[in-house]
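Student: next comes the sequence, and after it the predicted model I'd like to discuss.
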Amino acid sequence: MILSTQSLIMQRAYGYENGVRALKRIGFDAYDFTMFDMAEQPDDPMTRADFRETCRSLRKAADEAGILCNQTHAPFPSRKADDAAWNGVIFDYLARSVEITSLLGGNVCVIHPCNDYTAEQNAELLYRPLEKHARKFGVKIALENMWNFSRQANKAVPCACSTAEDFLKHLDLLDPEYFVACLDIGHAEMLGDCVSAAELIRALGPRLQALHVHDNDRAHDWHTFPYAGDIDWEPVYAALREIRYAGELTFEAGLGIMKFPPELQYDATVLLHAIGRYMISRIENE
């Protein structure tokens, strides 16, 4: 199984090209190209007119280093209720994210559903309009299980794709050739008795083609290292074995790395790599 991690921390510290070189030195097989800064930084390189040249340079650097782009993560939120200006801007970024995925050699672009939309609304307003871009660039779009937080109940509550039933409903409305599932294990485990990561893995079966792996206290979205929180990983390993999961193990534990001072974040990523190799050994060997 290929081991991957989001590129965000290393690319912010070293730039795109040196960031992927750093991940290769640490030992990762692949990287999940993080595009959050498209929505957060007004002059992010991926928002510029010459973004294709930037992608080609990054692809060349990654190829020479021997590290793959296995998937990408588009900026978010993908839509905002009653904010037409935002929705227009972000849709253009989402469409560009699909092209960027292709330019980098990735297979899957993770695009969040709108948390508060029904499956029908997400299909009509978000995903079907993006399908032509997926077709054009030969990229699959992965939906991700999300969560909302109830201040009144002081806990995470279900929203788009949170439960097996709703996730499958979203996927059933879309062309399976271009739309697949990315399971965020941390998100799944935040919802208490409502759902579990293992349950979602089994329900999604072959539709599960990407992972976001991280840990938490099963109540809050920590995005920290596996085994630094309260998730029981044994049922997750068992479920992945059961469905014969054929994708990659991709970390999204950047907030855990950012807890360290900048001077220690490279070394923290070295530890994350070691954890990943251990997790793969547990998945591949009962």
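Tutor: Cool, the structure landed. Model, not experiment: these values are computed from the prediction.
Student: assumed L183 was part of a helix.
Tutor: No: looking at L183 with DSSP: H, G, I helix; E, B strand; the rest coil, it is strand, so not inside a helix.
Student: tell me who's in contact with it.
Tutor: 144-145, 197, 200-201, 204, 208, 210-212 (CB atoms under 8 Å, 6 or more residues apart in numbering). From N, CA and C alone the C-beta is placed, and that goes for glycine too.
Student: which of the residues you listed ranks first by neighbour count?
Tutor: The most crowded member of the contacts of L183, judged by other CB atoms under 10 Å, is N145 (31 neighbours).
Student: run through the residues that contact it.
Tutor: Residues near N145 by CB under 8 Å, 6+ apart: 161-162, 167, 183-184, 187-188, 200.
Student: now with 6 Å?
Tutor: Shown in contact with N145 (CB atoms under 6 Å, 6 or more residues apart in numbering): 161-162, 167, 184, 187-188.
Student: how close does it get to H112?
Tutor: Plainly put, N145 is 10 Å away from H112 if you go by CB to CB, to the nearest Å.
Student: would you map the helices across this structure?
Tutor: Remark: helices assigned in the chain by DSSP state H are 8-14, 16-26, 37-40, 51-65, 84-104, 119-122, 128-137, 164-172, 185-189, 197-204, 233-242, 254-258, 265-284.
Student: would you turn the ones you listed into TSV with distance to H73 and mean pLDDT?
Tutor: Below are those laid out as TSV (distance: least, CB to CB, whole Å; pLDDT from 0 to 100):
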stretch	distance to H73	mean pLDDT
helix 8-14	9	96
helix 16-26	14	98
helix 37-40	10	92
helix 51-65	15	98
helix 84-104	8	96
helix 119-122	17	98
helix 128-137	15	98
helix 164-172	18	98
helix 185-189	13	98
helix 197-204	18	98
helix 233-242	20	98
helix 254-258	10	98
helix 265-284	17	98
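Student: for P75, find the nearest of those helices.
Tutor: Among the helices of the chain, the nearest to P75 by CB to CB is helix 37-40 (3.7 Å).
Student: list the buried ones in the closest one?
Tutor: Within helix 37-40, the residues that count as buried by 16 or more other CB atoms under 10 Å are 37-39.
Student: then stretch 181-194?
Tutor: The neighbour-count check on stretch 181-194 (16+ other CB under 10 Å) flags 181-191 as buried.
Student: again, but for stretch 110-125
Tutor: Taking 16+ other CB under 10 Å as the criterion, stretch 110-125 shows 110-115, 117, 119, 122-123 as buried.
Student: kindly export that stretch (C-alpha atoms) in CSV.
Tutor: C-alpha atoms of stretch 110-125 as CSV (Å, rounded to 0.1, in the frame of the first residue of the first chain):
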residue,chain,number,x,y,z
VAL,A,110,-11.4,15.6,-3.0
ILE,A,111,-14.2,18.2,-3.1
HIS,A,112,-16.3,18.7,0.1
PRO,A,113,-20.1,18.6,-0.3
CYS,A,114,-21.9,21.5,1.1
ASN,A,115,-22.6,20.4,4.7
ASP,A,116,-26.2,21.7,4.8
TYR,A,117,-27.4,20.6,1.4
THR,A,118,-29.4,17.4,0.7
ALA,A,119,-27.9,14.8,-1.6
GLU,A,120,-30.1,16.2,-4.4
GLN,A,121,-28.9,19.8,-3.8
ASN,A,122,-25.3,18.8,-3.8
ALA,A,123,-25.7,16.8,-7.0
GLU,A,124,-27.6,19.5,-8.8
LEU,A,125,-25.7,22.6,-7.6
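Student: contacts for that stretch, please.
Tutor: Stretch 110-125 is contacted from outside by 73-74, 76, 78-79, 94, 141-144, 146, 148, 159-161, 169-170, 173, 182, using CB under 6 Å, 6+ apart.
Student: what is the nearest of the buried residues of helix 37-40 to E252?
Tutor: D37 (15.4 Å).
Student: ok, the closest one - contacts?
Tutor: Neighbouring residues of D37 by CB under 6 Å, 6+ apart: D44.
Student: now with 8 Å?
Tutor: So D37 contacts 12, 44, 46, 75 (CB under 8 Å, 6+ apart).
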